[in-house]
Structures are given as C-alpha cells and as structure tokens.
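Trainee: next comes the sequence, and after it the predicted model I'd like to discuss.
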Amino acid sequence: MVSQEQRRRQLAREKFLRQQQRRTSARRKARMRNSVIASVLGVVVIGSVALYTTGVLKNDDDKKTSAGADASPSASPSSKAPDPCGKPAAGSVKKLSWKKEPAMTIDTSAKYTMKLATTCGDIDMSLKASAAPHTVNSFDFLAGKGFFDHTKCHRLTPEGIFVLQCGDPTATGSGGPGYTIPDENLKDKSLKGNSYPAGTVAMANTGQKHSGGSQFFLVYKDSPLPPSYTPFGTISESGMKVLKKIADAGAQAADPTTGNTAPNATVVIDKATVTKS
C-alpha cells in the first residue's frame, strides 16, 4: 500500500515532469519562431556587399547545419494561385553603389510620401520624416537615382510573420546601396507588445545596430517582431489592397541557394517615387 508521503512525492514528480514538458515545448516553439524571423529580415555586411540572409553572422558550417531549421516554417509554400500581376515595364535595374550615406537634404518638418508603381498596382505610403529622417532621406535619394526601378520584391513570408520584402536590386537577398543607415524610431507608439501592425513599412537589418541599407519590408498582417527594425512609413488603404492581393497568391518553396521564399505573384517595382508635399 502506498503511504501518504510516497503518494505526495509521486504527485510532485509528475508535476515536475509536466512542467519540463511545457518548457521544452515552449523552447521549441520559440526556436521555430526565431528561425522564421531570422530567415526574413537579416542584412549581413561583408566587405562592400550587403548580404540579406539570417540576421546573425554565421560561418559556412553554421549555414549548412541551420539551413533546414531556417527554411522549414517560412518556406512552406502556400497554395499555388494564378499570378494576379501584370508584365514589368520595359527597362533594367541600374547597378548603383555609394561609399557613404547621402547628405541630409530633406525637410524634416515637411510631409513626404512614396509611391511604388508595381506590376500588381500602386502601393502608396506616407513617410515619417521627422521620426526617421536618415531613413526617409536615404529613400528620397535612392528613389531619385532610380535605384529601386525595375527591382523585384524577392521574399514573401506567409507564416510566423507576414511581410513582403523588397529593395534588393539583385533580387537574391544579397544587394544593397553600398552604405548603411542608423536605426531610428524604435520607440514608435505603433510598436506595442513586440508586434509590427499591418500597414507598417520598416527596414530590414542584420540584428546588429545601425545596419540597414536599402531592403525594406511591408507588413500585410500583424507580425510578432521585436522593436529592432526602423518603422518609417504607413501603407495607404489602397496600397494594402494591392499587398493583400500579392499575399493571397502565396509564396514559393524556399530557394536552396538563398533561402528566399519568393512570392508567386510577379512583384516588380516599375518606378519608385518620393514626393514632398
């Protein structure tokens, strides 16, 4: 017959095992979530090349061992849908690069908007010049030089976080303007509870401070992310409809070379324009 003390100890052991199982499950889910975030928003600067990959510096061996974990949640393809977008405008991507951030030329007290005329429709956004002056100034400069024209949005994430990533002239995740800009506006009132709300436009980076370049992401559904990515714009209602159309078409399986999950839709920025009003 089991004594009262033995029964108490048995119940304590069972409670401990349940706690351990819950903790193990929580850690597993956290690792999966972090691998999704890392595979989407990273920028690693190696020499003069901005390599948008995993959000942390990894050597070749690390990349080989982590490839499966990084790709599995974010790489799950959505159901294949018809391409809802048109043909790209005639022209080609300009090969442009600069050694340092452009001089400040914007008026931080003025209002600025950016229009992405894409193959899927126009995505308009208001920019936060006073809160993120370096970022808005950089986009004003790059758009004026035609840096974004004819570039393809190379990554759509349909699980974990919900973003369309653009701004890479190589469409591989390895492109940038040759310079980096500082983080800004990380205490924006819209970033509550480690979440970037739908309609946010924000910079991709390495996870290191002040490492943004030209790649940015458009949030089409509230996404759990730490406040580490400069929020510098808000997408218009009509722009969100275009973004939803792109998201509804789903994403491809992860490219084995880059890890990118490209949108099924052919999303090309025919022309990017920043306007002061």
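Mentor: Cool, got the structure.

Trainee: please, where are all the helices along this protein?
Mentor: With DSSP state H as the criterion, the chain has helices at 4-41, 60-75, 133-144, 237-248.

Trainee: pick out the shakiest of those, pLDDT-wise.
Mentor: Mean pLDDT is lowest for helix 60-75 out of the helices of the chain, coming in at a mean of 33.

Trainee: for the record, mean pLDDT for stretch 166-174?
Mentor: Stretch 166-174 comes out at a mean pLDDT of 93.

Trainee: span of that stretch from start to end?
Mentor: 12 Å (C-alpha to C-alpha, to the nearest Å).

Trainee: same check on stretch 259-273?
Mentor: Using C-alpha to C-alpha, the two ends of stretch 259-273 sit 29 Å apart.

Trainee: got it, and stretch 106-123?
Mentor: Stretch 106-123: ends 22 Å apart by C-alpha to C-alpha.

Trainee: can you give me the strands for the protein?
Mentor: 44-46, 49-51, 112-118, 121-127, 151-152, 155-157, 163-166, 195-196, 200-203, 216-219, 223-224, 231-235, 268-276 (DSSP state E).

Trainee: nearest residue to residue 155 in space, please, no chain neighbours.
Mentor: Leaving aside its sequence neighbours, residue 155 sits nearest to residue 165 (C-beta to C-beta, 6 or more residues apart in numbering; 4.0 Å). Where C-beta positions appear, they are placed from N, C-alpha and C, glycine not excepted.

Trainee: number of nearby residues for the one you found?
Mentor: For residue 165, the neighbour count with other C-beta atoms under 10 Å is 23.

Trainee: isn't it up against residue 205?
Mentor: No. Taking contacts as C-beta atoms under 8 Å, residue 165 lies outside contact range of residue 205: 11.9 Å.

Trainee: the nearest residue to residue 221 once chain neighbours are set aside: what's it in contact with?
Mentor: The shortest distance from residue 221 to any non-neighbouring residue, by C-beta to C-beta, 6+ apart, is to residue 162 (3.7 Å). By C-beta atoms under 8 Å, 6 or more residues apart in numbering, the contact list for residue 162 reads 198, 219, 220, 221, 222, 223, 247.

Trainee: residue 219 is in contact with the first one, correct?
Mentor: Right, residue 198. Yes. Residue 198 is in contact with residue 219 according to C-beta under 8 Å; the separation is 5.5 Å.

Trainee: who has more neighbours, these two?
Mentor: Neighbours were counted for residue 198 and for residue 219 using other C-beta under 10 Å; residue 219 has more, 25 against 16.
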